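Asks: Quick check, what structure comes out for this input:
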Amino acid sequence: MKTIDLVVPCYNEEEGLENFVLETNKVIDSLPEYSFRYILVNDGSRDKTYLIMKKLAARFSNIKYISFSRNFGKEAAMYAGLQHTTADYVVVMDADLQHPPEIFPQMLQAVDVEGYDCCATKRDEREGESFFRGFFSKIFFKLSNKLTDVKNPYGAMDYRMMSRQMVDSILELSEVQRFSKGIFSWVGFNTKWVSFKTVDRKLGKTTWSFGSLFRYAIDGITCFSVAPLRFTAVMGAIIFIVSLIYIMITLIQTLFLGITTPGYVTTLCAVLFLGGITEMSIGILGEYIGRIYMESKKRPIYITKFSNFEDENNEEKEEN
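Replies: Numbers count the residues shown, from 1 in each chain. So this is what the prediction gives:
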């Protein structure tokens, strides 16, 4: 019997976590030829998510959990879950049921029957999403695909099923500042994309604000591309050439045509423009230097406070 681990990052999922497990169990029960196990990762939730995890683990024998000492972010939670997997196939999904478990049979058809290394999901449309947010989401995917070596279709999500070999390859990339969508694509392997229509979550509230999504988009580009740095170099070269041309024109007008040099307005515009370009360039450089600084510290990606994996290890030692 082949095994499947479900890696589920959780942050403030007190209201919907139990419902997620019950709904997912309905799908699991319809696939008796596979053995499923939950790996719930509590990412420093401020509510009773951890207590709900313990309650569910006592109720269902196939539930394991990890609880962080604080909020390290969804990327760290996914990495921690992947580190603890041992199954033939691994699914990464959210606990809000916006990643429907009903797709499991379709995923298994792709990886277990058709031979794909990964079955990933993308959304065609999303109910209740504002035009503003949808517009910037499309812009991000277009920019990311043009500026980086990793390619993802519009609407690509973290929700996917992966082979053991692909998961092991992902775990070899241990950078602290992670962007999993890019990592999934960067490691390669044959991926089949399936689409579905997402709906608004029924229980709990989303923790993703526009600001956090914007920072996530910046991470996605800077983690896999140096294009912004090249952009500043190109801008500097263009400004230098334009400046030389302008200086030559001004000298000719002054020395040979007797026209006085431009005054206050020209100088002010030039200073403001160059100042803006300089500040932008420093900001881009600072973003990359900051990443180098954080990676050089070699801090752990996460810190575990509680976990019932320890109980499992103790049982194995007693048996030996």
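Asks: now the strands for this protein?
Replies: For the chain, the strands defined by DSSP state E occupy 2-10, 34-42, 63-68, 89-92, 118-126, 156-163, 191-198, 304-307.
Asks: Please identify the most buried of the ones you listed.
Replies: strand 89-92 (a mean of 26; mean count of other CB atoms under 10 Å). C-beta coordinates here come from the backbone N, C-alpha and C atoms, glycine included.
Asks: What is that one packed up against?
Replies: strand 2-10, helix 74-83, helix 104-108, strand 156-163, helix 164-171 (3 or more CB pairs under 8 Å, 6 or more residues apart in numbering; DSSP states H and E).
Asks: which regions of the stretch 51-200 of the chain lie under the pLDDT threshold?
Replies: 125-138, 140-147, 199-200 (pLDDT under 70).
Asks: coming back round to it: can you check which of the strands of the chain gets nearest to Asn25?
Replies: strand 34-42 (8.7 Å; CB to CB).
Asks: was I right about Phe309 contacting Ile66?
Replies: Yes: applying CB atoms under 8 Å, one finds Phe309 in contact with Ile66, separated by 6.9 Å.
Asks: Mutual contacts of these two, please.
Replies: Here Phe309 and Ile66 have His84 as joint contacts, going by CB atoms under 8 Å, 6 or more residues apart in numbering.
Asks: could you dump the strands of the chain to JSON lines with distance to Gln98?
Replies: Formatted as JSON lines, those follow (distance: least, CB to CB, whole Å):
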{"stretch": "strand 2-10", "distance to Gln98": "12"}
{"stretch": "strand 34-42", "distance to Gln98": "17"}
{"stretch": "strand 63-68", "distance to Gln98": "21"}
{"stretch": "strand 89-92", "distance to Gln98": "13"}
{"stretch": "strand 118-126", "distance to Gln98": "9"}
{"stretch": "strand 156-163", "distance to Gln98": "9"}
{"stretch": "strand 191-198", "distance to Gln98": "5"}
{"stretch": "strand 304-307", "distance to Gln98": "26"}
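Asks: To Met248, which of those strands lies closest?
Replies: Judging those by CB to CB, what sits closest to Met248 is strand 156-163, at 49.7 Å.
Asks: Please put the alpha-carbon coordinates of that closest one into CSV.
Replies: Taking Å, rounded to 0.1, in the frame of the first residue of the first chain, the C-alpha atoms of strand 156-163 are listed here in CSV:
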residue,chain,number,x,y,z
ALA,A,156,-0.3,28.7,-9.9
MET,A,157,-0.8,27.6,-6.3
ASP,A,158,1.2,25.8,-3.6
TYR,A,159,-1.4,23.1,-3.6
ARG,A,160,0.2,20.0,-5.2
MET,A,161,1.1,16.4,-4.9
MET,A,162,4.8,15.4,-5.3
SER,A,163,6.8,12.3,-5.6
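Asks: quick one: strands adjacent to it?
Replies: strand 89-92 (antiparallel), strand 118-126 (antiparallel) (DSSP bridges).
Asks: Please list the residues outside stretch 44-62 that contact it.
Replies: 10-14, 17-18, 21, 25, 35-38, 40, 42, 63-65, 67-72, 306, 308.
Asks: for stretch 294-311, that is, sorry about that
Replies: With CB under 8 Å, 6+ apart, stretch 294-311 has contacts from 50, 54, 57, 64-70, 72, 76-77, 79-80, 84, 174-178.
Asks: who does the residue nearest to Ala156 when sequence neighbours are not counted bridge with?
Replies: Spatial nearest neighbour of Ala156, excluding adjacent residues (CB to CB, 6 or more residues apart in numbering): Lys122 at 5.0 Å. Counting by DSSP bridges, Lys122 forms beta bridges with Ala156, Ser195.
Asks: residues contacting Lys122?
Replies: Neighbours of Lys122 in contact, by CB under 8 Å, 6+ apart: Pro153, Tyr154, Gly155, Ala156, Met157, Trp193, Val194, Ser195.
Asks: tell me which of the residues you listed is nearest to Met1?
Replies: Val194 (24.3 Å).
Asks: circling back: could you identify the most distant pair in the contacts of Lys122?
Replies: Tyr154 and Val194 (14.3 Å).
Asks: Tell me the buried residues in the longest helix that the chain contains?
Replies: Identified as the longest helix of the chain according to DSSP state H is helix 264-296. Buried positions in helix 264-296, judged by neighbour count with 16 or more other CB atoms under 10 Å: Ser281, Ile284, Arg291.
Asks: Check the offset of that helix from the chain's centre.
Replies: 27 Å (CA atoms, centre = their mean, to the nearest Å).
Asks: cool, and stretch 111-120?
Replies: 22 Å.
Asks: Once you drop chain neighbours, what's closest to Lys2?
Replies: Asp88 (4.5 Å).
Asks: Burial check on that neighbour, number of neighbours?
Replies: By other CB atoms under 10 Å, the residues close to Asp88 number 17.
Asks: Quick check: it touching Ser35?
Replies: No: using CB under 8 Å as the test, Asp88 is too far from Ser35 to be in contact (9.2 Å).
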